[in-house]
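Attaching a predicted model along with its sequence, questions to come.
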Amino acid sequence: MNKVSLSGKLAQFSEPWRPKIVGELNGQQVKLVKFQGECVWHQHELEDELFLVVKGRFRMDFRDRSEWIEEGEFVIVPRGVEHRPVAEDEASVLLFEPASTLNTGDVIDARLTLRELERL
């Protein structure tokens, strides 16, 4: 039951697209990740995802539209919805999602897919 400093945790890593687990509750994980450039198009068959921008901004692409998510804003992507996060400049993002969530969903990408995440 210790408080977590988001800025302190974010200072511990720099590589983009490598989520870090910073908390867990009720089968859900709280993760921090830095976005830079494009992720792959993907979807999660069973899991909803929440993306909260801590610093910067990013664009969430959907097949029918794009939405800019600004600092202090969040978007929830429902299960089964294909999406692709894109950040022109580095963005720091908090994710809240079930522990079973694979970062690239239904797509396996040699560069981006992580089967096990580091805990900070």
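Cool, got the structure. Numbering: from 1, shown residues only.

so V30 touches E24, yeah?
Yes: V30 is in contact with E24 according to Cβ atoms under 8 Å; the separation is 7.0 Å. Placement of C-beta: from N, CA and C, glycine included.

Those two: who's more crowded?
Ranked by neighbour count (other Cβ atoms under 10 Å), V30 and E24 place V30 first, with 19 against 12.

ok, and what's touching the one helix or strand that one maps to?
Under the criterion DSSP states H and E, the helix or strand holding V30 is strand 28-38. Counting by Cβ atoms under 8 Å, 6 or more residues apart in numbering, the neighbours of strand 28-38 from elsewhere in the structure are 4, 6, 9-10, 13-24, 54, 56, 58, 84-87, 89-99, 101, 117, 120.

show me the biggest strand of the protein in terms of residues.
Under DSSP state E, the strand in the chain containing the largest number of residues is strand 83-98.

Okay, angle between that strand and strand 28-38 too, please.
Inter-element angle recorded for strand 83-98 and strand 28-38: 160 degrees (by axes from the mean of the first three to the mean of the last three Cα atoms, to 10 degrees).
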